[in-house]
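> What follows is a predicted structure for the sequence shown.
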Amino acid sequence: MKPLAIIFLALFVAGCSSDQSEKITPKEPRNPRAQTPQQHTPAAPEKAFNPKEVQSGNLSSEYMYPSNKTQPAPVKKENEDAQYIADKTVTKEECIAMIGEEKFEKYTEMLSSEAAAIKRCTLLKAMQNH
C-alpha cells in the first residue's frame with residue numbers, strides 16, 4: 001500500500017508543479033472618447049400644462065370637485081344597425097326552403113323551440129354569405 005501511495009503522491013506533485021500557465025496577451029487600451037460620438041442633450045419640451053395653485057384651506061365643493069367644462073359629445077348610434085339586423089333575420093318559410101323541412105324539424109326538436117331553430121338558420125345564412 002505504501003508504494004502505491006508514494007506513486008500517487010509523486011504524480012500529484014508532478015502535476016501541480018508543471019508549468020501550465022497560459023500565455024497572456026496584453027490587450028490594447030481602449031479610448032472611449034474616440035469610439036463614442038458626441039451626444040447632445042435634447043432641449044426641454046415646452047410646457048403646455050399650467051397647474052393651479054394649491055389652496056389647502058379651501059374645502060369648498062367648487063374647489064374640491066371642479067366640473068369638466070369640455071365633455072366629449074356622445075356617440076350616436078345609427079339606424080343602420082336595426083336595418084342590418086332586420087335584413088339578416090330569416091322567417092320560418094325561408095328557413096324551411098333553405099335547409100329543408102326534415103332538418104328544420106330536427107333543429108326544432110334538438111333546440112326545443114322553433115325560435116331557436118330559426119335563429120340557427122339565421123346563423124347558417126350569415127355563414128353562407130361570408
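Perfect, thanks for sending it. Numbers count the residues shown, from 1 in each chain.
> residues in contact with L124?
The contact partners of L124, taken as C-beta atoms under 8 Å, 6 or more residues apart in numbering, are M98, I99. Where you see a C-beta, it was placed from the backbone N, CA and C, and this is true even at glycine.
> same thing with V90?
Under the criterion of C-beta under 8 Å, 6+ apart, the contact list for V90 reads M98, I118, C121, T122, K125.
> Count residues in the vicinity of the residue lying closest to the third one once chain neighbours are set aside, would you?
It refers to C121. If the residues on either side of it in the chain are set aside, C121 comes closest to C95, at 3.7 Å by C-beta to C-beta, 6 or more residues apart in numbering. Here the count is done by other C-beta atoms under 10 Å, and C95 has 24 residues near it.
> May I ask you to confirm that C95 is in contact with F104?
Yes - at 5.8 Å, C95 counts as touching F104 under the criterion of C-beta atoms under 8 Å.
> Now do the shared contacts for the two.
Shared contacts of C95 and F104, defined by C-beta under 8 Å, 6+ apart, are found at A117, C121.
> quick revisit: in terms of helices and strands, where is the residue nearest to C121?
Assigned by DSSP states H and E, C95 falls within helix 92-99.
> And for K47?
K47 is part of no helix or strand when elements are defined by DSSP H and E.
> For S60, see how far away it is.
28 Å (C-beta to C-beta, to the nearest Å).
> for E109, same thing?
Counting by C-beta to C-beta, the gap from E109 to S60 is 69 Å.
> now do I118
Taking C-beta to C-beta as the criterion, I118 is separated from S60 by 61 Å.
> Look at those two and report which has more neighbours.
I118 (21 against 8).
> My understanding was that that one contacts K92; is that so?
Yes - in terms of C-beta under 8 Å, I118 counts as a neighbour of K92; the distance is 6.1 Å.
> Show me the shaky parts of the protein.
Low-confidence regions of the chain, defined by pLDDT under 70, span residues 1, 15-23, 29-38, 68-72, 77-88, 130.
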